[in-house]
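Colleague: With the input below, show me the fold.
(one chain, ligands or ions: 1)
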Amino acid sequence: MVLLTRFLDWTAIDLTFLLATKNQDKCAELQRLLAPLGIKVIAPMDLPFDLPDVEETGQTFAENARLKAASGCAASRMPCIGDDSGLCVDALNGAPGVCSARFAGGHGDDNANIAKLLRMMEGIPEKDRTARFVCSICCVFPRGKACATEGCCEGRIGFAPKGENGFGYDPVFIPYASPLKTMAELSDAQKDTISHRQMALKQFAALLMDIQS
Ligand code: IMP
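Modeller: Residues are numbered from 1 along each chain as shown. Reported below is the predicted structural model:
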């Protein structure tokens with residue numbers, strides 16, 4: 001009850017956050033997940049100018065999320081949320097990791113990325129196909145404050161792509177929370193109850209309440 005009251009106080013302050021991502025699938029998921037948490041956001045496509053492209057030079061998801069949020073905040077002077085995320089496969093020593101979007105070369109070519117992943121995993125038995133999605137969220141405020149969270153979704157890599165929903169590696173990722181289906185066979189609402197992104201954003205909403213209190 002105390003938490004809920006603090007949350008309502010916070011929403012009254014009426015902050016709007018900018019999402020620092022040009023990935024439309026990711027943007028849609030972030031908007032879908034943040035709305036019920038009472039966090040108002042706008043997408044870069046709603047701005048009257050283009051956000052600069054950010055070179056993802058970080059060694060970790062957290063570093064890259066911060067680079068994206070800081071760049072978006074500097075360009076817009078708005079509190080800005082960066083998301084850096086990807087897939088870490090144990091049998092590949094954590095690859096594709098921070099290189100998830102450009103694993104097969106071109107940025108964001110999901111089919112090529114999946115094909116390369118499945119090729120590299122040929123011959124690896126089911127018990128050794130463990131993997132996780134990781135999502136790092138960082139929010140940078142115009143006066144320089146920042147807060148960061150991370151969420152993770154454990155599962156394994158399938159042997160062939162299945163399903164049409166979601167994006168990225170969803171067709172080959174089978175979450176332990178729903179072990180008979182790939183992430184791409186789940187509805188948006190089902191993905192949103194178990195995903196790495198929802199976990200990171202729930203922690204982010206809790207942190208915001210603390211900052212405001
Ligand atoms: P980023 O835009 O540099 O953070 O790259 C994220 C990449 O990781 C995407 O292009 C996808 O390949 C992958 N990825 C991140 N989140 C998800 C997800 O929820 N499902 C499937 N793939 C994801």
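Colleague: so G106 touches K116, yeah?
Modeller: No: using Cβ atoms under 8 Å, G106 is not in contact with K116; the gap is 11.2 Å. The way it works is simple: take the backbone N, C-alpha and C, and place the C-beta from them, glycine included.
Colleague: residues in contact with V54?
Modeller: A20, L67, K68, S71 (Cβ atoms under 8 Å, 6 or more residues apart in numbering).
Colleague: Relative to the ligand, which of those residues is nearest.
Modeller: Within those, distances to the ligand taken as Cβ to the nearest ligand atom reach their minimum at K68, with 8.1 Å.
Colleague: Can you list phi and psi of the closest one for me?
Modeller: Dihedral angles of K68 (phi, psi; degrees, to the nearest 10) stand at phi -70, psi -40.
Colleague: if I pick it, what's in contact with it?
Modeller: So K68 contacts A20, T21, V54, E56, G82, D83, D84, C138 (Cβ under 8 Å, 6+ apart).
Colleague: and the residue lying closest to it once chain neighbours are set aside, what are its bridge partners?
Modeller: Nearest residue to K68 in three dimensions, chain neighbours excluded: G82, at 3.3 Å (Cβ to Cβ, 6 or more residues apart in numbering). As for beta bridges, G82 partners with C138 under DSSP bridges.
Colleague: neighbour count winner among G106 and K116?
Modeller: Counted by other Cβ atoms under 10 Å, G106 and K116 do not tie: K116 has more neighbours, with 16 against 10.
Colleague: what about the helices in this structure?
Modeller: Taking DSSP state H to define them, one finds helices in the chain at 2-12, 24-34, 61-76, 110-120, 188-194, 196-212.
Colleague: lowest-confidence stretch among these?
Modeller: Within those, the stretch with the lowest mean pLDDT is helix 2-12, showing a mean of 42.
Colleague: Check whether stretch 121-132 comes near the ligand.
Modeller: No: for a cut-off given as Cβ under 6 Å from any ligand atom, stretch 121-132 has no contacts with the ligand; the smallest distance is 11.0 Å.
Colleague: quick one: average confidence on that stretch?
Modeller: Stretch 121-132 comes out at a mean pLDDT of 98.
Colleague: Kindly report the same for stretch 180-187.
Modeller: On average, stretch 180-187 scores 98.
Colleague: contacts for it?
Modeller: Residues contacting stretch 180-187 (Cβ under 8 Å, 6+ apart): 133, 155, 158, 161-166, 169-175, 178, 191, 194-195.
Colleague: And the residues you listed, which of them are buried?
Modeller: Buried members of these, counted by 16 or more other Cβ atoms under 10 Å: 133, 155, 158, 161, 163, 166, 169-175, 178, 191, 194-195.
Colleague: Once you drop chain neighbours, what's closest to K22?
Modeller: That would be P44: by Cβ to Cβ, 6+ apart, it lies 5.8 Å from K22.
Colleague: Tell me the residues of this protein that contact the ligand?
Modeller: 23, 56, 84-87, 100-101, 108, 113, 133, 166-170, 195, 197.
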